[in-house]
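>>> I'll drop the sequence and a predicted model, then ask my questions.
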Amino acid sequence: MTTHQIPRPQSMTAQKTVLITGATNGIGKVAALELARQGFRVLITSRDEAKGRQVLGELQARSRDAAPELFVGDLSSMADVRRVALEVTAAHPRLDVLINNAGGLFDRRLLTADGFEYTFAFNHLTYFLLSNLLRPSLNAAGSARIVSVSSSGNNLARMRWDDLQYQSGYSGWLAYGQSKLMNVLFAFALARRLQGTGVTSNVLHPGVINSGFGKTTTGLNRLVSWAANLTAISAEQGARTSLYLATSPAVNGVSGQYFFRQKVARANPLAYDQFAQERLWVLSERLLAPWLEPVGTLGSAPDSARLGPTTGEQGHRS
């Protein structure tokens, strides 16, 4: 079994359920603990089962009535993302909030088991696939929220359409920035597809967090991370916007927006290009086709956005 929970008697009150990726440290963990304290049934993912179980115990100590649950899987693997999504859907026909939070910065170009560049897969494709596969549970909630964590790194990024996976000239920071721009493009395209369903999609910059992010990098990447941390905020401060978008009545029905410090902000101007949003959607959908079926997708792009293959479409094919 890859799903774990600590038994606890349940109250008769209907509980809201939230799934948070990357909740074993940093702002994801802070958000999970706070949502547990507020009475949410908190579901978390972790690649490391032992670490996940440790956080599960902390969540249990904070929880009111709803027992927290752990779903073990490597979210850089699209097969694991699919399995986790289907396990969540089977266990929870209703899902009120999905927080796409897991992400990373990698100073060397690495490939996942599926043949994707790691930053592209972990920071973007996972958001796309997980949100897509969880649609049945999100729709069932009636007014669910999808919250995607981006970064101010999106602001200076450019889409490298001819080489999205950095087969040449790899830079950890450039690949990271592009993936964070992808988060915004994806969240906006998703919001358009969710119109009329009651499900919303928003994206945020949490601030520069002093949470250990980037400390596993080396050389210039390590130096940049160190310099950024000099003015970094705490994980507790950084989690505020994620929590705001997950819980605040002030954003009921608000969708397709980029937030910073609990307010609508401006992302990279490129993020508002609907053609770029649809182009990324179509490319992602094609790359993920083996894992999307037979569940289906969140919506097709207009015919005008159905683009031919580009060299940015490297990766697993079946």
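Thanks, I have the structure now.
>>> who are the neighbours in contact with the closest residue to residue 79 other than its chain neighbours?
Leaving out its chain neighbours, the residue that sits closest to residue 79 by C-beta to C-beta, 6 or more residues apart in numbering is residue 291, at 6.8 Å. From N, CA and C alone the C-beta is placed, and that goes for glycine too. Counting by C-beta atoms under 8 Å, 6 or more residues apart in numbering, residue 291 touches 78-79, 81-82, 129, 133.
>>> for residue 27, same thing?
101, 149, 206, 209, 211, 235, 238-239, 242.
>>> try it again with 10 Å
20, 99, 101, 149, 206-207, 209, 211, 213, 233-243 (C-beta atoms under 10 Å, 6 or more residues apart in numbering).
>>> following the lowest-mean-pLDDT helix or strand in the chain, which helix or strand comes up?
The helix or strand of the chain with the poorest confidence is helix 219-229; it has a mean of 51 (mean pLDDT, DSSP states H and E). Downstream of helix 219-229, the next assigned helix or strand under DSSP states H and E is helix 235-238.
>>> which is the next helix or strand following that following helix?
Assigned by DSSP H and E, the successor of helix 235-238 is helix 240-247.
>>> and that next one, what other elements does it pack with?
strand 17-20, helix 26-38, strand 97-100, strand 145-149, strand 200-205, strand 258-260 (3 or more C-beta pairs under 10 Å, 6 or more residues apart in numbering; DSSP states H and E).
>>> distance from that helix to the middle of the chain?
Computed by C-alpha atoms, centre = their mean, to the nearest Å, the chain-centroid distance of helix 240-247 equals 14 Å.
>>> so what's the spatially most central residue of the chain up against?
In the chain, the residue lying closest to the centroid (C-alpha atoms, centre = their mean) is residue 100, at 2.2 Å. Residues in contact with residue 100 (C-beta under 10 Å, 6+ apart) are 19-22, 28, 75, 123-124, 126-128, 130-131, 146-150, 183, 186-187, 201, 203, 242.
>>> can you say which of these are buried?
Using 16 or more other C-beta atoms under 10 Å as the burial test, the contacts of residue 100 include 19-22, 28, 75, 123-124, 126-128, 130-131, 146-150, 183, 186-187, 201, 203, 242 as buried.
>>> picking up where we left off before, bridged to the residue nearest to the centre of the chain, which residues?
Counting by DSSP bridges, residue 100 forms beta bridges with residue 148.
>>> just to revisit the earlier point, tabulate the helices and strands packed on helix 240-247 (CSV), appending mean pLDDT and distance to residue 281.
Below are those laid out as CSV (pLDDT from 0 to 100; distance: least, C-beta to C-beta, whole Å):
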stretch, mean pLDDT, distance to residue 281
strand 17-20, 98, 22
helix 26-38, 97, 25
strand 97-100, 98, 15
strand 145-149, 98, 14
strand 200-205, 98, 12
strand 258-260, 98, 17
